[in-house]
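Novice: Predicted structure and sequence below. I'll ask about it afterward.
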Amino acid sequence: NQLIARHDMLRMVVDADGQQRILATTPEYHIPRDDLRALSPEEQRIALEKRRHELSYRVLPADQWPLFELVVSEIDDCHYRLHMNLDLLQFDVQSFKVMMDDLAQVWRGETLAPLAITFRDYVMAEQARRQTSAWHDAWDYWQEKLPQLPLAPELPVVEPPPETPHFTTFKSTIGKTEWQAVKQRWQQQGVTPSAALLTRFAATLERWSRTTTFTLNLTFFNRQPIHPQINQLIGDFTSVTLVDFNFSAPVTLQEQMQQTQQRLWQNMAHSEMNGVEVIRELGRLRGSQRQPLMPVVFTSMLGMTLEGMTIDQAMSHLFGEPCYVFTQTPQVWLDHQVMESDGELMFSWYCMDNVLEPGAAEAMFNDYCAILQAVIAAPESLKTLASGIAGHIPRRRWPLNAQADYDLRDIEQATLEYPGIRQARAEITEQGALTLDIVMADDPSPSAAMPDEHELTQLALPLPEQAQLDELEATWRWLEARALQGIAATLNRHGLFTTPEIAHRFSAVVQALSAQASHQRLLRQWLQCLTEREWLIREGESWRCRIPLSEIPEPQEACPQSQWSQALAQYLETCIARHDALFSGQCSPLELLFNEQHRVTDALYRDNPASACLNRYTAQIAALCSAERILEVGAGTAATTAPVLKATRNTRQSYHFTDVSAQFLNDARARFHDESQVSYALFDINQPLDFTAHPEAGYDLIVAVNVLHDASHVVQTLRRLKLSLKAGGRLLIVEATERNSVFQLASVGFIEGLSGYRDFRRRDEKPMLTRSAWQEVLVQAGFANELAWPAQESSPLRQHLLVARSPGGNRPDKKAVSRYLQQRFGTGLPILQIRQREALFTPLHAPSDAPTEPAKPTPVAGGNSALEKQVAELWQSLLSRPVARHLDFFELGGDSLMATRMVAQLNRRGIARANLQDLFNHSTLSDFCAHLQAATSGEDNPIPLCQGDGEETLFVFHASDGDISAWLPLANALNRRVFGLQAKSPQRFATLDQMIDEYVGCIRRQQPHGPYVLAGWSYGAFLAAGAAQRLYAKGKQVRMVLIDPVCRQDF
C-alpha cells in the first residue's frame, strides 16, 4: 500500500474514452493467501499450476482499480510462492526493478519518501516535445517511409484466429564461452549483438514467410532523463520502432547484418516520434484490418543493466529466482526476447497458440536455434544468408498448383530481376489465373530526351490592367481586416482575451468554443495568426492578449462594389456570424461555400480578376502544349475546365474531368453534354493511384487548379500525379501562395481539406506554400520546373501558375514483362494479368462513380406520407440512381457536397426542416424521413425555414393556428436564414408569458448572442413583441417587424 501511494500509475484506470486517469485515493489493498501447507507435494503442484493458469489468462477490466493482482501461496512455515499478475499498461522492465527495490525498502522497515515527479509529468513533457524540430524531423522521416513499408511477415496461419489467446513459450541458451566469442566477433565487424540476433531472427522468418520483404516490430526502453528521479518511477516507458527487411537479393551475412544495423540506427535516430504513433499512422494508411498490423516482435535486453545488475539479477535479488515468467499481448503473435545472465545468452519465443499452423512455431524456433548453432560452430560456412540458410533449412513452398515445380515466390523473385521493377506480388485467382502486381522503381525509366521547346519560357503573359489590380488589392485588404476583426469578436464573445491579466490554455479555448476535433487545428491557426500580428503572447500552451482583442479596428475603407467583391464580403460576414455553429459542427462549411446560386464559388474561382486571368492563361498553355490526353484533378465547379476545353478542342483526343465529389461530376456532365471526348470519374489526390482508370500511355498534361494544397502529403501526391504522365508530360498547377490569409482562416479554413495536411507544413501550421516552396517540392517529386508566373515571389494576384515536366516514364511494358516470365518458366505458366500499383502494401480506395444517365424515379414502397416520395425524388435527382427506403444516402454515392445541396433544396422548397447532421445520423431514406416527420411536429424549436446567404437571421412566430407554414413563401424570397417558432402539440402553456419565455429560450439556443431580428404576424405579433421585450431587458439589440397586429383585448 505504500507503493500504491508512492506511484501514481499503480492507481491508474482507463476510462471509456481511452484516457488514463489517476485516482487520488484507493481502498486498502489486501493480498489473498492460499494455504497449501496441509497438502501433499503433488496436490501443492496441482494447486500452484491451477493458480498460475488462472492468473495467466485473467484480464482485469481496465476501467476498474486495481489493474494488478498479487496472490501468496503458503508452501510450508518457511516457504511461500508469490504470484504477480501485472498489466503492461503500468509497467516496463525497469518498473519491475523499481517495484522490487521499493518492496525491499519497505520490507526492511524503511519509509518510502514521496517522489517529486509523476508519470503524468513525463507524459506531458513528451507531449511538449512534439513542438520541437527533432520531433518534426522524425515525423517527416516516417511519413516518407511508411507508404512503402512492407507488411509484417506472412507466416502460415490458421483461420480464424483464436478468440481467447493462449501462449506457449520456447526457451534456450547459448553457453558463456560460445556467446562471448561470437559477440566479440560481431562487435569487431561493427555490429551490435542485438542487430546480429535480429538479422538471424528475420532470416529464420524469411524461410517461412510468403514474402521476402517484411517488417518487424522492435521493442526498446527509452526513459528520457528529464528529471533526476525518472529512474525511480513505475510506468510504461516502453517504445517501439519498425525495422524492414529485404531478402530478395543474396548478400553476405556480414552485409546483411550491417544493413540491419544501419536501418536500426537510422530508425532509432528518429524515435522522437513514438513508435505507437508510427503504427497508428500505418493503420491510417492501411485502413481497417482484422489482423494486427505488426504482430511479430523482437525485444532485446542485451547490455541493459539496472544499477549495475543485469535484468535477471535485478529481478531476483529480493525474492530469489522466479519459478515462472510469462508475458502476453493480444496484438502480438510472436515475441522473441533475448537477455544475458551470468555471461550466457538466454532467449525465449512467446507464441500465441492456434494462430500459426500446428507445429509451425516450434519448427521455426528449432530452425532459429540451428542457425545460431551454425554461426557458432562454423561462422565461415554461412557465406551468404540465402545459400547458407538454405543449406540448413528448406524454404517453405507456396505453390501455384500441384504440378508446378516453381512457386509464387519464384515468380516474384524473377520479376524483381527485370529492369525497373522494385516490388512484385503474385497471386492465383479463384479462376486459376495468375495476377502479378508490380511497383516500378523510383527513378523513371530512360526515355528519349524531352523536345527542346521554348514556347513556355518565351510566353508573354501580362498582368491584368491596373484598375483590376487595384480592385483586387482593395477587396483583399477589406477581407483581411474584416476577417481579423471577426475572429477577435468570436473569441471575445466567449469571454476569451478580453483582458491581458488572464491567460487561456488551448484546452480552455477549445472548450469555450465547443470546437470539434476536426477544427482544433484551425483554432490553433487562429491563435498563431493573432500571435504573429502581436495581439496575443504565447506562453507554452497558454495565450494572453497584449491588449483586449475588442480594440482590433474595423476595415479602414469600404469594400469595392463589384459583384465578385460583394459576394466574398457577404460570404465572410455569413461565416463570421456562424462561427459558433461551424466550430460545434451544427453548420457545414460546405453549406456556406457551395450555395445554389454559386455566387461565392464563382467569385472565388472564376469572376475575380486574378482567377479570370489565371484560367485564361491555363487554357492558353494547354493549347500551346498540343496535349492529346488531358487529366484535370479537383476540377470542382469547372471554372477552369470551360476555357481549357474550348482552347484544346482541335488538339485533344480525351479530357478526363475528375473530382473527389460525384456532385461536381453530375454538374459537369450536364454542363458539357455536347463536348465530345470528355469522361468523368472520381479521383482523390490523397489515395493510391488506380492505374486501370488511366491510359496506359500516360497523360500529356495534368491540370490542377487550387486543389493540391488539399494534399495530406504534397510530395507524395505530386509523385502520384507524375506516375500518370507520359515521358515529357507536363503538370500545370495554379495555387494561392499567400500563406498568412486571415480571410482563409475565418471562412474556407473550416473545410477539413485545408487542415488535413500531415507533412512538413505541420511545422508552422500553414497549409499554403510559397512559389519557391512549390518549385522545391516539385523537384523532390522528380519533376523539372519549367515555368513560374508571375516570376516574383510575392504575386499581386496572390496566386501563381507553375508548369513542370516529368523527365521520364514510369509505366512498364507489360507485354515485355509477360514474355520474359513465359521464357523463364515455360508454357506451363498460368494466364498472366500484370497490374501496376503505386504501393503493394496500401489498399486501393476505388469509389464507384455515379451512372452517366439519370435514374428513372423509383416508387418508394412502404412509406407512410408524401414526404418520403418528395425526398426520394430529390435524392434520385442528385444521386442519378434508383432509391429505396432501406438504402443509405452515402452508400449510394452521396458525399458531403451532395448532402449539403440536398438539405438546402429541402429547406428552400419548404418540404421539411433539415440539416446536415440529421442526414449523418439518419442516412437511410426511411430513417431520414421519419426524423423529419418527427421534427415537424413542433417538438424541436426553432425550425429552419430557409438557409439563405444573408448575414442576418430572422425568427418568425406562428399565428393563432400554431403553424408556421404560412411564412415559407416569404422566407424563401428573403434569401436569408429564417427560423420559425412552431406551437407545441399538445399545448402545455397556461399563460402567454410562459409561451414567450419558452420561445426566447429556443431563440437563444439557436443564436446565443445578438443582434436579433424578430417578426410576428397576427397573433404572432404578441409573441414577437413579448420576446423582444425580454431580449431587450437582457441588454440585447433587437429589431422587430409586426405584420397585421391585432388588438390584444380580442384575445
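Specialist: Thanks, I have the structure now.
Novice: Look at Thr173 and give its secondary structure.
Specialist: Three-state assignment for Thr173 (DSSP: H, G, I helix; E, B strand; the rest coil): strand.
Novice: residues touching it, list them.
Specialist: Counting by CB atoms under 8 Å, 6 or more residues apart in numbering, Thr173 makes contact with Glu344, Leu345, Met346, Phe347. In this view, the C-beta of every residue, glycine as well, is placed from N, C-alpha and C.
Novice: Pairing-wise in the sheet, spell out the partners of it.
Specialist: Following DSSP bridges, Thr173 is listed with bridge partners Met346.
Novice: Next, count neighbours for Gly729.
Specialist: Look at Gly729: counted by other CB atoms under 10 Å, it has 25 neighbours.
Novice: Could I get the average pLDDT for the host helix or strand of it?
Specialist: Element membership for Gly729, per DSSP states H and E: strand 725-736. Strand 725-736 shows a mean pLDDT of 96.
Novice: After that strand, heading C-terminal, what element do we hit next?
Specialist: Counting by DSSP H and E, the next helix or strand C-terminal to strand 725-736 is helix 742-746.
Novice: from the contacts of Thr173, which single one is nearest Phe247?
Specialist: Comparing the contacts of Thr173 against Phe247 with CB to CB places Phe347 closest, at 21.3 Å.
Novice: For Ile552, see how far away that closest one is.
Specialist: Between Phe347 and Ile552 the distance, using CB to CB, to the nearest Å, works out to 66 Å.
Novice: avg pLDDT for stretch 915-931?
Specialist: Mean predicted lDDT for stretch 915-931 stands at 81.
Novice: First-to-last residue distance for it?
Specialist: For stretch 915-931, the first-to-last residue distance is 11 Å (CA to CA, to the nearest Å).
Novice: Go through that stretch and flag the buried ones.
Specialist: Judged by neighbour count (16 or more other CB atoms under 10 Å), stretch 915-931 contains these buried residues: 915-916, 918-919, 922-931.
Novice: What of stretch 678-694?
Specialist: 678, 680-691, 693-694.
Novice: go on, stretch 489-509?
Specialist: Residues Ala489, Thr490, Leu491, Asn492, His494, Leu496, Phe497, Ala503, His504, Phe506, Ala508, Val509 are the ones in stretch 489-509 that count as buried (16+ other CB under 10 Å).
Novice: try stretch 245-259
Specialist: Phe245, Asn246, Phe247, Ser248, Leu253, Gln254, Gln256, Met257, Gln258.
Novice: any idea how far Leu70 is from the fifth one?
Specialist: By that I understand Leu253. Leu253 sits 46 Å away from Leu70, taking CB to CB as the criterion.
Novice: Look up how far Ile31 lies from Gln44.
Specialist: 19 Å.
Novice: How about Trp476?
Specialist: Per CB to CB, Trp476 is found 72 Å from Ile31.
Novice: Look at these two and report which has more neighbours.
Specialist: Set side by side, Trp476 and Ile31 show more neighbours around Trp476, with 19 against 10, by other CB under 10 Å.
Novice: Just the element for the more buried one, please.
Specialist: Using DSSP H and E, the element containing Trp476 is helix 466-493.
Novice: Buried residues in that helix, which are they?
Specialist: Residues 468-469, 471-472, 474-476, 478-492 are the ones in helix 466-493 that count as buried (16+ other CB under 10 Å).
Novice: do the same with stretch 794-812
Specialist: Of the residues in stretch 794-812, 795-812 count as buried by neighbour count, 16+ other CB under 10 Å.
Novice: One more: stretch 540-557?
Specialist: Buried, per 16+ other CB under 10 Å, within stretch 540-557: Ser542, Trp543, Cys545, Leu549, Ile552, Pro555.
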